[in-house]
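Visitor: need a 3D model of the following:
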Amino acid sequence: MVIDAKKLYDEIDEYMDKEVVLEGWIRNHRKQKEFGFIDFSDGTCFKHIQVVYDNKLEDFEEIQKYHVGSAIRVKGLVVKSPKEGQPFEIQASEVILLGECPEDYPIQPKKHSREFLREQAYLRPRTNLFQAVFRVRSVAAYAIHKYFQDRGYVYFHAPLITASDCEGAGEMFHVTCLDLENIPKVDGKVDYSKDMFSKPTSLTVSGQLEAETFALAYKKTYTFGPTFRAENSNTKVHANEFWMIEPEIAFCDLNGDMEIMEEMLKYVVSYVLEHCKDEMEFLDKFVAKGLLDKLTKLVNSKFTRVTHKEVIDILQKADVKWEFEPKQGEDIAKEHEKYITEYFDGPVFITDWPKDIKAFYMKQNPDGETVAAVDLEVPGAGEIMGGSQREEDYDKLVARMDELGMDKDELDWYINLRKYGGCVHSGFGMGFERLLIYLTGVENIRDVIPYPRTPSNCEF
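Guide: Purely as a prediction, here's the structure:
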């Protein structure tokens with residue numbers, strides 16, 4: 001019976017000195033006159049297995065022709081390895097070629113640049129770096145679901161096609177079935193009555209507004225799915241398609257929101273550290289030295305809470321020549337985020353933001369100038385989450401939308417939540433890829449998404 005490499009590593013005492021069958025791929029192949037050494041991986045764990053074969057095998061010369069990348073089945077004896085740091089190896093009695101690979105296979109056992117590997121994105125999961133990154137992505141996703149499911153949250157599938165712009169930024173991909181070569185018009189404007197949904201529609205930038213409807217029925221809900229921004233940005237942290245985690249909690253104020261943000265982040269980081277030990281040790285050694293110390297420190301930190309006004313005061317008093325001068329009432333820059341996490345030596349919740357730079361749905365504070373919003377800044381990454389208490393007062397929400405010139409008819413269902421048994425409620429959003437950048441030390445968002453969608457790039 002074929003077994004997985006992970007099972008073999010996990011239960012090595014049970015399999016030592018016994019015959020096993022493995023199926024996987026050749027990662028490297030060193031050939032000698034009387035021996036051959038195959039670096040074998042089946043993808044079920046980060047560790048590889050050394051397969052040793054010799055010229056006593058009938059098809060020795062044929063096996064020596066197998067190229068890197070080929071799929072093989074190995075039958076052999078599990079024995080203690082003489083090589084230090086390698087607990088066992090396989091003495092092969094049979095190596096069968098299941099899928100050959102030519103010599104010009106792009107992923108040879110040598111160092112490849114990340115830029116090159118993006119061009120070979122369909123093959124890059126076969127490299128050590130991306131084996132580690134995408135395993136961490138998988139485990140972190142599971143940890144997020146586990147955190148919420150274990151605490152009674154309902155997993156809400158937000159619609160990907162929407163007629164509302166949650167953030168009000170207008171950076172949305174339009175969805176249409178109209179013939180773009182012959183667009184129907186009325187009085188010079190697009191006749192959307194002829195389109196699929198009889199109105200303008202777009203890909204969602206957030207599932208938050210719809211999630212609030214579930215929070216006010218189930219008390220606790222969360223989304224975890226793809227979102228889209230039509231933003232022509234080529235930075236290391238922006239992509240046009242990315243994944244978001246957005247919990248919404250009824251009967252929860254801003255302080256309760258922050259407690260959940262802190263607990264969830266620590267839980268996910270701890271889970272990854274526990275369940276991806278080999279991957280994280282590799283990333284710590286070869287990608288971002290000190291990564292494990294940074295993440296362990298976060299798990300053991302007490303997150304500081306400070307207002308936006310206090311942050312600006314600290315920044316203005318700092319003996320630093322800023323590229324962007326910090327000002328009351330304005331957003332903060334990356335350099336400010338970095339300084340603040342260093343100043344407090346750990347993660348920082350920045351609360352009570354100026355209302356003019358935040359979204360319409362955020363709870364207005366009594367001062368009339370700020371809203372009950374929060375951003376979480378973490379050392380080495382800056383902002384990793386953002387949340388707020390949602391405005392539960394019907395009149396205040398309507399007044400704010402009027403102030404911003406928003407179309408209330410489009411969002412009447414959202415406003416009505418305040419009439420029909422509304423209550424104090426809060427939520428937050430976390431970009432999954434931002435979290436992965438933080439977890440892996442890999443700095444470019446293009447390298448933590450299997451197939452990145454960025455300006456001028458929609459390959460595979």
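
Visitor: which of the helices or strands spans residue 26?
Guide: For residue 26, the host element (DSSP states H and E) is strand 19-31.

Visitor: figure out how far the helix or strand that comes right after that strand is from the centre of its chain.
Guide: Using DSSP H and E, the helix or strand that follows strand 19-31 towards the C-terminus is strand 35-41. Remark: strand 35-41 is offset 34 Å from the chain centroid, using Cα atoms, centre = their mean, to the nearest Å.

Visitor: what lines up beside the following helix or strand past strand 35-41 in the sheet?
Guide: Using DSSP H and E, the helix or strand that directly follows strand 35-41 along the chain is strand 49-54. When pairs are called by DSSP bridges, strand 49-54 turns out to pair with strand 35-41 (antiparallel), strand 88-99 (parallel).

Visitor: going by neighbour count, which residues of the shortest one are buried?
Guide: Looking back up the chat, that one is strand 35-41. For strand 35-41, burial by neighbour count (16 or more other Cβ atoms under 10 Å) applies to 36-41. C-beta here means a position set from N, CA and C on the backbone, and glycine is covered the same way.

Visitor: before we move on, back to that, CA atoms only: put the strand holding residue 26 into PDB for me.
Guide: Output of strand 19-31 as PDB, limited to C-alpha atoms (Å, rounded to 0.1, in the frame of the first residue of the first chain):
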ATOM      1  CA  GLU A  19       9.200  -2.200   3.200                       C
ATOM      2  CA  VAL A  20       7.200   0.800   2.000                       C
ATOM      3  CA  VAL A  21       5.800   2.200  -1.300                       C
ATOM      4  CA  LEU A  22       5.900   5.900  -2.000                       C
ATOM      5  CA  GLU A  23       4.700   8.000  -5.000                       C
ATOM      6  CA  GLY A  24       6.000  11.400  -5.700                       C
ATOM      7  CA  TRP A  25       8.600  13.400  -7.700                       C
ATOM      8  CA  ILE A  26      12.300  13.600  -8.200                       C
ATOM      9  CA  ARG A  27      13.600  16.900  -6.800                       C
ATOM     10  CA  ASN A  28      17.300  16.100  -7.400                       C
ATOM     11  CA  HIS A  29      19.100  13.100  -8.800                       C
ATOM     12  CA  ARG A  30      22.800  12.500  -8.100                       C
ATOM     13  CA  LYS A  31      24.300   9.600 -10.200                       C
END
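
Visitor: packing partners of it?
Guide: Strand 19-31 makes packing contacts with helix 5-10, strand 35-41, strand 71-80, strand 88-99 when contacts are defined by 3 or more Cβ pairs under 8 Å, 6 or more residues apart in numbering; DSSP states H and E.

Visitor: to residue 386, which of those lies closest?
Guide: Nearest of the helices and strands packed on strand 19-31 to residue 386, taken as Cβ to Cβ: helix 5-10 at 37.0 Å.

Visitor: quick check: which ranges of the stretch 51-200 of the chain have low pLDDT?
Guide: Flagging of the stretch 51-200 of the chain using pLDDT under 70 yields the residue ranges 165-170.

Visitor: ok, back up a step: for residue 412, find the nearest of the helices and strands packed on strand 19-31.
Guide: helix 5-10 (52.7 Å).

Visitor: run through who's touching the very next helix or strand once past the closest one.
Guide: Downstream of helix 5-10, the first helix or strand assigned by DSSP H and E is helix 12-15. Residues outside helix 12-15 that contact it (Cβ atoms under 8 Å, 6 or more residues apart in numbering) are 3, 8, 78, 87-88.

Visitor: and these, which two are furthest apart?
Guide: By the measure Cβ to Cβ, 3 and 87 form the most distant pair in the contacts of helix 12-15, at 15.8 Å.

Visitor: assign residue 352 to helix, strand or coil.
Guide: Three-state assignment for residue 352 (DSSP: H, G, I helix; E, B strand; the rest coil): strand.

Visitor: next up, the contacts around it.
Guide: Shown in contact with residue 352 (Cβ under 8 Å, 6+ apart): 307-309, 365, 370-373.

Visitor: inside strands: which ones of the residues you listed?
Guide: Among the contacts of residue 352, the residues falling in strands (DSSP state E) are 307, 370-373.

Visitor: first-to-last residue distance for stretch 59-78?
Guide: Start-to-end span of stretch 59-78 (Cα to Cα, to the nearest Å) is 21 Å.

Visitor: sorry, back to before: let me know the closest of the contacts of helix 12-15 to residue 300.
Guide: The closest of the contacts of helix 12-15, once distances to residue 300 are taken by Cβ to Cβ, is residue 87, at 31.3 Å.

Visitor: wait, the closest one touches residue 81, no?
Guide: Yes: between residue 87 and residue 81 there is a contact at 6.4 Å, judged by Cβ atoms under 8 Å.

Visitor: circling back: scan the ones in strands among the contacts of residue 352 and report the most crowded one.
Guide: Tallying neighbours with other Cβ atoms under 10 Å puts residue 371 at the head of those, with 27 neighbours.

Visitor: chain neighbours aside, what residue packs nearest to that residue?
Guide: In this structure, residue 371 finds its nearest non-sequential neighbour in residue 362, 3.9 Å apart by Cβ to Cβ, 6 or more residues apart in numbering.

Visitor: and that neighbour, what are its bridge partners?
Guide: With DSSP bridges as the criterion, residue 362 is bridged to residue 390.

Visitor: go ahead and confirm it touches residue 391.
Guide: Yes: counting by Cβ under 8 Å, residue 362 touches residue 391, with 6.3 Å between them.

Visitor: tally of neighbours for residue 327?
Guide: Every residue meeting other Cβ under 10 Å relative to residue 327 is counted, giving 11.

Visitor: please name the residues that touch it.
Guide: If you count contacts by Cβ under 8 Å, 6+ apart, residue 327 has them with residue 312.

Visitor: do the same with the one 10 residues further on
Guide: Neighbour list for residue 337: 377, 382-383 [criterion: Cβ under 8 Å, 6+ apart].

Visitor: distance of it relative to residue 383?
Guide: Plainly put, residue 337 is 6 Å away from residue 383 if you go by Cβ to Cβ, to the nearest Å.

Visitor: what sits in contact with each of these two?
Guide: Common contacts of residue 337 and residue 383, defined by Cβ under 8 Å, 6+ apart, comprise residue 377.

Visitor: I'd like to know how many residues surround residue 48.
Guide: 18.

Visitor: tell me how far it lies from residue 84.
Guide: From residue 48 across to residue 84, the span is 15 Å (Cβ to Cβ).
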